[in-house]
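Novice: generate coordinates for the sequence data below:
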Amino acid sequence: MSFAKITSGGSAGGYVTLCALAFRDAFTAGISNFGIGDLTSFVGETHKFEARYIDSLIGPYPEREALYRERSPLFHLEGMHAPALITQGLEDRVVPPTQGRQIVEAIRAKGLPVASVFFEGEDHGYRQASNVIRSFEAMLSFLGQVYGFTPAD
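Specialist: Predicted coordinates for the structure are as follows:
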């Protein structure tokens with residue numbers, strides 16, 4: 001019997017999900033909710049507080065740009081073999097929507113299955129009840145397609 005090995009997370013967990021898919025071959029699917037795909041563009045796009053936060057984790061940018069690229073899933077999709085679902089709020093000021101769009105385009109260009117849902121009026125995380133429900137429905141639909149089951153209702 002084989003088991004589904006799914007990785008998922010939001011924000012920093014979404015980044016970890018993308019890293020797990022790009023740098024390891026341990027998962028059969030991944031779901032990244034508002035995760036960072038490219039640390040190099042992130043530092044220029046996010047608001048000031050978040051941009052400096054990464055300095056303490058990786059080092060100052062641009063001095064450590066090579067390390068930022070090394071740790072950015074977007075630049076290492078050659079190791080990715082699993083399908084992914086990317087969700088993103090279109091008003092996100094922490095992880096800008098360009099992060100979601102870039103990773104979706106790159107995964108699609110690699111020829112892997114990728115699904116995406118972008119939410120109008122949502123910031124970093126989903127607060128509107130209809131979008132919270134839609135995000136869970138998208139996850140269930142994605143997993144059903146990947147693992148060959150039909151979700152109830």
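
Novice: every contact and neighbour count from this point should use C-alpha atoms.
Specialist: OK.

Novice: so which elements touch the longest helix along the chain?
Specialist: Using DSSP state H, we find that the single longest helix of the chain is helix 129-147. Under the contact definition 3 or more C-alpha pairs under 8 Å, 6 or more residues apart in numbering; DSSP states H and E, helix 129-147 sits against strand 29-33, strand 84-89, strand 114-119.

Novice: off-centre distance for that helix?
Specialist: Centroid displacement of helix 129-147 relative to its chain, using C-alpha atoms, centre = their mean, to the nearest Å, is 15 Å.

Novice: which residues sit against it?
Specialist: 4, 29, 31, 83, 85, 87, 115, 117, 119, 126, 149-151 (C-alpha atoms under 8 Å, 6 or more residues apart in numbering).

Novice: which pair in those spans the largest distance?
Specialist: Within the contacts of helix 129-147, 4 and 119 form the most distant pair, 27.3 Å apart (C-alpha to C-alpha).

Novice: the bottom helix or strand of this protein by mean pLDDT?
Specialist: Ranked by mean pLDDT, DSSP states H and E, the weakest helix or strand in the chain is helix 48-57, scoring a mean of 78.

Novice: what lies in contact with stretch 19-26?
Specialist: Stretch 19-26 has contacts (C-alpha under 8 Å, 6+ apart) with 5, 7, 27, 29-30, 71-73, 76-82.

Novice: which among the residues you listed end up buried?
Specialist: For the contacts of stretch 19-26, a neighbour count by 16 or more other C-alpha atoms under 10 Å gives the buried set as 7, 27, 29, 30, 71, 72, 73, 76, 77, 80, 81, 82.
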